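Trainee: prediction below, plus the sequence it came from.
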Number of protein chains: 4
Amino acid sequence: MTDQRDQPSLDELAARLAEFARERDWDQFHAPKNLAMALAGEVGELLEHFQWLSEQQSANLPADVKDAVALEMADVLLYLVRLADKLDIDLNAAAVRKIGLNADKYPIEKSRGSSRKYDDRA
Amino acid sequence: MTDQRDQPSLDELAARLAEFARERDWDQFHAPKNLAMALAGEVGELLEHFQWLSEQQSANLPADVKDAVALEMADVLLYLVRLADKLDIDLNAAAVRKIGLNADKYPIEKSRGSSRKYDDRA
Amino acid sequence: MTDQRDQPSLDELAARLAEFARERDWDQFHAPKNLAMALAGEVGELLEHFQWLSEQQSANLPADVKDAVALEMADVLLYLVRLADKLDIDLNAAAVRKIGLNADKYPIEKSRGSSRKYDDRA
Amino acid sequence: MTDQRDQPSLDELAARLAEFARERDWDQFHAPKNLAMALAGEVGELLEHFQWLSEQQSANLPADVKDAVALEMADVLLYLVRLADKLDIDLNAAAVRKIGLNADKYPIEKSRGSSRKYDDRA
């Protein structure tokens, strides 16, 4: 269910994308392997917006760049949702589970102010 | 497994991640530039699961691989949501807008059964 | 030194790129972190050429696509060489060393015809 | 031909990798599409070394990190060389051609000290 502001859940986005693909007979292209590649391609485009910026500049994007970044991020989300749908993966459940795993992996006291733990992971 | 009570919206995921970072004093590392890189790193891990599989195999993952893929996809989603939060980007709104743009760009009649349009985009 | 066929070594490519950057005062942008991102962005563009193709199609590219792919691969090589130069890494030596490590890791008899070993690595 | 320091050309690296794959019957996995994905996966691992570092830190890596980065970069080079071989692309020629194209695209006078041109490209 979406409200007036059209805030679809991930399941609703998945349903819209499935219909979009079905209408265009694109399911034949949407093997998970291919969708993962398409997702990676969009992330590459996202990186290009940030590669020559300082960290501080990246936090203060001009309006036109911010808008372009938002659309690249939308592409990433849409391919991610589509991939999850094709694999029958519950993305919300996986995200909640991952947050729990991260809480175990990075205990507050031991992780405070250090990016070490990030780097130590496989 | 989550029940209906734990289907967080993207906004709720963002709030949990913001608290997670604040508790660990990790905001200092979370410049958008860095988060975009971390997102890309996770996508690289996702690709590694698919790279030697056929398209058909990628649609029929063994349970253990599917589970690992789900957690990689969760990582992608979490960094994407965190990045959107730091940039003050409404990911849901961007996704809805992008679907509309794609509908204009790939008219049903002209796009049916062809991946050409995908390739033609910039 | 290059011969008439202009087959520069990686060191020669690195020297040309260093001069290219110096002439344009681009060293200020070429932190290894940034170059790694730029490299990843180019790889994303490379992926986009292959994402909807079958494996067989990917081995039989039309001439125009092959040409575009060659230039994307050149971008990847150039950023890789530039990154190695900025980090003072001997890419050739690292490649030779890696081939040796892979030979140990994937013994011929145990690896024949199996992609498993690939997947098992970290 | 390699000298005592074992500085193989890209062609020589390609020959070694072809033999490596043939001995293990891995050609069946090495469709260009798959190799491009494997390349992207390695680049993802490379990014992970840099994602939480400042630009300055990225230019002053501790010895153990630098060594790990060198091996990731070797992986990138090896997959790139292998991909070029499978596609029958002359990577050296493409690199030389790309440097020429870049010289036209970024004239010294107009590009000095500006990353704008980078961002303007498609």
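Mentor: Great, that's in hand. Residues are numbered from 1 along each chain as shown, chains lettered A, B, ... in the order given.
Trainee: how many neighbours does A:Ala40 have?
Mentor: Using other Cβ atoms under 10 Å in any protein chain shown, A:Ala40 has 31 other residues around it. All C-beta atoms are positioned from the backbone trio N, CA, C, and that covers glycine.
Trainee: now the helix or strand in which it is found: how far from the chain's centre is it?
Mentor: For A:Ala40, the enclosing helix or strand under DSSP states H and E is helix A:32-50. Here helix A:32-50 is found 10 Å from its chain centre; the criterion is Cα atoms, centre = their mean, to the nearest Å.
Trainee: quick check, the helix or strand just after it touching chain B?
Mentor: Once helix A:32-50 ends, the next helix or strand along the chain (criterion: DSSP H and E) is helix A:55-58. Yes - contact of helix A:55-58 with chain B (Cβ under 8 Å from any Cβ of the partner chain) involves A:55-56, A:58.
Trainee: still on that earlier bit, can you give me the angle the helix holding A:Ala40 makes with helix D:32-50?
Mentor: Angular relation of helix A:32-50 and helix D:32-50 on a 0 to 180 degree scale: 40 degrees, by axes from the mean of the first three to the mean of the last three Cα atoms, to 10 degrees.
Trainee: which positions in helix A:32-50 come out as buried?
Mentor: Neighbour counts over helix A:32-50 (16 or more other Cβ atoms under 10 Å in any protein chain shown) mark A:32-50 as buried.
Trainee: ok, back up a step: could the residues of helix A:55-58 next to chain B be laid out in TSV, adding pLDDT, distance to B:Arg16 and neighbour count?
Mentor: Converted to TSV, the residues of helix A:55-58 next to chain B look like this (pLDDT from 0 to 100; distance: Cβ to Cβ, whole Å; neighbours: other Cβ atoms under 10 Å in any protein chain shown):
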residue	pLDDT	distance to B:Arg16	neighbour count
A:Glu55	97	24	17
A:Gln56	97	26	9
A:Ser58	98	23	23
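Trainee: sorry, back to before: CA atoms only: put the helix holding A:Ala40 into PDB for me.
Mentor: Taking only C-alpha atoms (Å, rounded to 0.1, in the frame of the first residue of the first chain), the coordinates of helix A:32-50 have been written out as PDB:
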ATOM      1  CA  PRO A  32      20.300 -13.200 -11.800                       C
ATOM      2  CA  LYS A  33      23.800 -13.300 -13.200                       C
ATOM      3  CA  ASN A  34      22.900 -10.600 -15.700                       C
ATOM      4  CA  LEU A  35      21.100  -8.500 -13.100                       C
ATOM      5  CA  ALA A  36      24.100  -8.600 -10.800                       C
ATOM      6  CA  MET A  37      26.200  -7.300 -13.700                       C
ATOM      7  CA  ALA A  38      23.700  -4.500 -14.400                       C
ATOM      8  CA  LEU A  39      23.700  -3.600 -10.800                       C
ATOM      9  CA  ALA A  40      27.500  -3.400 -10.800                       C
ATOM     10  CA  GLY A  41      27.400  -1.200 -13.900                       C
ATOM     11  CA  GLU A  42      25.200   1.300 -12.200                       C
ATOM     12  CA  VAL A  43      27.400   1.300  -9.100                       C
ATOM     13  CA  GLY A  44      30.300   2.100 -11.500                       C
ATOM     14  CA  GLU A  45      28.400   5.200 -12.700                       C
ATOM     15  CA  LEU A  46      27.700   6.200  -9.200                       C
ATOM     16  CA  LEU A  47      31.400   6.100  -8.300                       C
ATOM     17  CA  GLU A  48      32.200   8.300 -11.200                       C
ATOM     18  CA  HIS A  49      30.400  11.200  -9.600                       C
ATOM     19  CA  PHE A  50      32.600  10.900  -6.500                       C
END
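Trainee: which strands and helices sit next to that helix?
Mentor: If contacts are counted by 3 or more Cβ pairs under 8 Å, 6 or more residues apart in numbering or on different chains; DSSP states H and E, helix A:32-50 sits against helix A:63-87, helix B:32-50, helix B:55-58, helix C:32-50, helix D:32-50.
Trainee: for D:Leu10, which of those is the nearest?
Mentor: Nearest of the helices and strands packed on helix A:32-50 to D:Leu10, taken as Cβ to Cβ: helix D:32-50 at 14.7 Å.
Trainee: I'd like the mean pLDDT over the closest one, please.
Mentor: Per-residue confidence for helix D:32-50 averages out to 98 on the pLDDT scale.
Trainee: what does the model give A:Arg121 for pLDDT?
Mentor: pLDDT recorded at A:Arg121 is 42.
Trainee: and if you look at A:Arg82?
Mentor: According to the per-residue confidence, A:Arg82 scores 98 in pLDDT.
Trainee: ok, the closest residue to A:Ser54 other than its chain neighbours - contacts?
Mentor: Nearest residue to A:Ser54, sequence neighbours excluded (Cβ to Cβ, 6 or more residues apart in numbering or on different chains): D:Glu55, at 7.3 Å. Counting by Cβ atoms under 8 Å, 6 or more residues apart in numbering or on different chains, D:Glu55 makes contact with A:54-55, C:31-34.
Trainee: okay if I get these as JSON lines plus distance to B:Arg22?
Mentor: Listed next are these as JSON lines, based on distance: Cβ to Cβ, whole Å:
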{"residue": "A:Ser54", "distance to B:Arg22": "23"}
{"residue": "A:Glu55", "distance to B:Arg22": "18"}
{"residue": "C:Ala31", "distance to B:Arg22": "28"}
{"residue": "C:Pro32", "distance to B:Arg22": "30"}
{"residue": "C:Lys33", "distance to B:Arg22": "25"}
{"residue": "C:Asn34", "distance to B:Arg22": "28"}
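Trainee: can you tell me which of those residues is nearest B:Glu72?
Mentor: The nearest one, if we look at those relative to B:Glu72 and count by Cβ to Cβ, is C:Lys33, at 23.0 Å.
Trainee: would you agree the closest one is in contact with D:Phe50?
Mentor: Yes - between C:Lys33 and D:Phe50 a contact is recorded at 4.4 Å, counting by Cβ atoms under 8 Å.
Trainee: mind listing the shared neighbours of the two?
Mentor: Looking at what touches both C:Lys33 and D:Phe50 (by Cβ under 8 Å, 6+ apart), the common residues are B:37, D:58.
Trainee: any idea how far A:Asp85 lies from D:Ala14?
Mentor: With distances defined as Cβ to Cβ, to the nearest Å, the gap from A:Asp85 to D:Ala14 amounts to 40 Å.
Trainee: what strand or helix carries A:Arg22?
Mentor: Residue-wise, A:Arg22 maps onto helix A:10-24 under DSSP H and E.
Trainee: is any residue of that helix near chain B?
Mentor: Yes - under the criterion of Cβ under 8 Å from any Cβ, chain B is reached by helix A:10-24 at A:10, A:13, A:16-17, A:20, A:23-24.
Trainee: could you list the domains of chain A?
Mentor: Chain A breaks down into these structural domains: A:10-88, A:90-122 (assignment by automatic domain parsing).
Trainee: out of those domains, which one sits most buried?
Mentor: For the domains of chain A, average neighbour numbers computed from mean count of other Cβ atoms under 10 Å in any protein chain shown are highest in domain A:10-88, which has a mean of 20.
Trainee: roughly how far is that domain from the heart of the chain?
Mentor: 7 Å.
Trainee: for stretch A:102-113, same thing?
Mentor: Using Cα atoms, centre = their mean, the mean C-alpha position of stretch A:102-113 is found 23 Å from that of the whole chain.
Trainee: wait, what's in contact with the residue of chain A found nearest chain C?
Mentor: Per Cβ to the nearest Cβ, the residue of chain A with the smallest distance to chain C is A:Gly44, at 1.3 Å. Under the criterion of Cβ under 8 Å, 6+ apart, the neighbours of A:Gly44 are B:40, C:40-45, C:47-48.
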